[in-house]
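A.B. asks: Sequence and predicted model, in that order:
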Amino acid sequence: MSDAETSLRQAGEAALRIRIERGLDLETAARLAGIEDEALEAFEAGDVALTFEQLDRLAAAYGVTTNQFFGARWTPLQNYAAG
């Protein structure tokens, strides 16, 4: 598996985890993000990448940053550490 495929799979898994943590079903999350159900399902499975615009809308719907799909975590200390 290439690095790009691994990153895509990890981003999809993170999106799925965040969606479940938010208590959203697939259809509701897709509607809130303004993307097709099938596109979100394929992204969560690691099969298809979303566009930057779709990632931005999905992150906004979940109340996270797009970086969180790729392993970044925000902590309050970042405010003090110029993060």
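C.D. replies: Cool, got the structure.

A.B. asks: use CA for all of it now, contacts and neighbours both
C.D. replies: Fine.

A.B. asks: residue ranges of the strands in the protein, please?
C.D. replies: Ranges of strands in the chain, per DSSP state E: none exist.

A.B. asks: got a list of what the residue nearest the centre of it touches?
C.D. replies: In the chain, the C-alpha nearest the mean C-alpha coordinate belongs to A15, at 3.6 Å (C-alpha atoms, centre = their mean). Applying C-alpha atoms under 8 Å, 6 or more residues apart in numbering to A15 gives the contacts 44, 69.

A.B. asks: make it 10 Å
C.D. replies: A15 sits next to 9, 21, 40-41, 43-45, 55, 58-59, 62, 66, 68-70 when contact means C-alpha atoms under 10 Å, 6 or more residues apart in numbering.

A.B. asks: Equivalent analysis for A29, please.
C.D. replies: Contacts for A29 (C-alpha under 10 Å, 6+ apart) come out as 19-20, 22-23, 35-37, 40, 58, 61-62.

A.B. asks: now, which of these lie within helices?
C.D. replies: Members of those lying in helices (criterion: DSSP state H): 19-20, 37, 40, 58, 61-62.

A.B. asks: Just the buried ones among the residues you listed, please.
C.D. replies: Burial of those was assessed by neighbour count (16 or more other C-alpha atoms under 10 Å); the buried members are 19, 37, 40, 58, 61-62.

A.B. asks: buried ones in the helix or strand of the chain with the lowest mean pLDDT?
C.D. replies: Ranked by mean pLDDT, DSSP states H and E, the helix or strand of the chain with the weakest confidence is helix 3-21, at a mean of 93. Residues of helix 3-21 classed as buried: 7-16, 18-19 (neighbour count, 16+ other C-alpha under 10 Å).

A.B. asks: Which two of these have the greatest separation?
C.D. replies: The distance between the two most remote of these (C-alpha to C-alpha) is 18.2 Å, for S7 and R19.
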